[in-house]
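Trainee: Got a predicted structure plus its sequence, pasted below:
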Amino acid sequence: MSQTFPQTFHVIVAEDDPVVAVTIAETLEERGFRVTIGRNGFDAFKIDQNDPADILITDLRMPHFDGTSLIARMQEQRPELPILVTTGYSDNLPKEEPGQLSVVHKPFSEDSIVRAVQSLLGVA
């Protein structure tokens, strides 16, 4: 049985692979999260400007505006925003900070995404 949350958290997913983006979105929506998908970092940044997220999930390697650039921009504008990085690479990873930034390696399980989001948001 999946747990849902009384408060609807808004999650922005920045992911250029539509299969991965939809998998993350469906997994979180089934648990009561509201999810918006951006196809790259620029799209995700624009979404956040109009509808601020409670948490950002981003791939690192994307065209047009990669995850590293998005993370830097978001940390500058919204330093309190929790960020979950999903990546298939092990080089040039951002430094993990409890409650602020976590990394989940691809391929990942649905449970690992949910646990990471819950941990970053401080909900169980």
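Mentor: It's in.
Trainee: from here on, contacts and neighbour counts on C-alpha atoms
Mentor: OK.
Trainee: tell me which element the residue most central in space within the chain is part of?
Mentor: Among the residues of the chain, the one closest to the centroid is Ile57, at 0.8 Å (CA atoms, centre = their mean). Counting by DSSP states H and E, the element that carries Ile57 is strand 55-59.
Trainee: Which strands and helices lie in contact with the following helix or strand past that strand?
Mentor: Once strand 55-59 ends, the next helix or strand along the chain (criterion: DSSP H and E) is helix 67-77. Applying 3 or more CA pairs under 8 Å, 6 or more residues apart in numbering; DSSP states H and E, we find helix 67-77 packed against helix 41-50.
Trainee: Can you give the distance of the helix it packs on from its chain's centre?
Mentor: 12 Å (CA atoms, centre = their mean, to the nearest Å).
Trainee: For that helix, list the C-alpha coordinates in PDB.
Mentor: Taking Å, rounded to 0.1, in the frame of the first residue of the first chain, the C-alpha atoms of helix 41-50 are listed here in PDB:
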ATOM      1  CA  GLY A  41      17.000  22.700 -17.100                       C
ATOM      2  CA  PHE A  42      15.700  25.800 -18.800                       C
ATOM      3  CA  ASP A  43      12.100  24.500 -19.000                       C
ATOM      4  CA  ALA A  44      12.300  23.500 -15.300                       C
ATOM      5  CA  PHE A  45      13.600  26.900 -14.300                       C
ATOM      6  CA  LYS A  46      10.800  28.600 -16.200                       C
ATOM      7  CA  ILE A  47       8.200  26.300 -14.500                       C
ATOM      8  CA  ASP A  48       9.600  27.100 -11.100                       C
ATOM      9  CA  GLN A  49       9.400  30.900 -11.800                       C
ATOM     10  CA  ASN A  50       5.600  30.600 -12.400                       C
END
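Trainee: tell me which residues in it are buried?
Mentor: For helix 41-50, the neighbour count (16 or more other CA atoms under 10 Å) marks Gly41, Phe42, Asp43, Ala44, Phe45, Ile47, Asp48 as buried.
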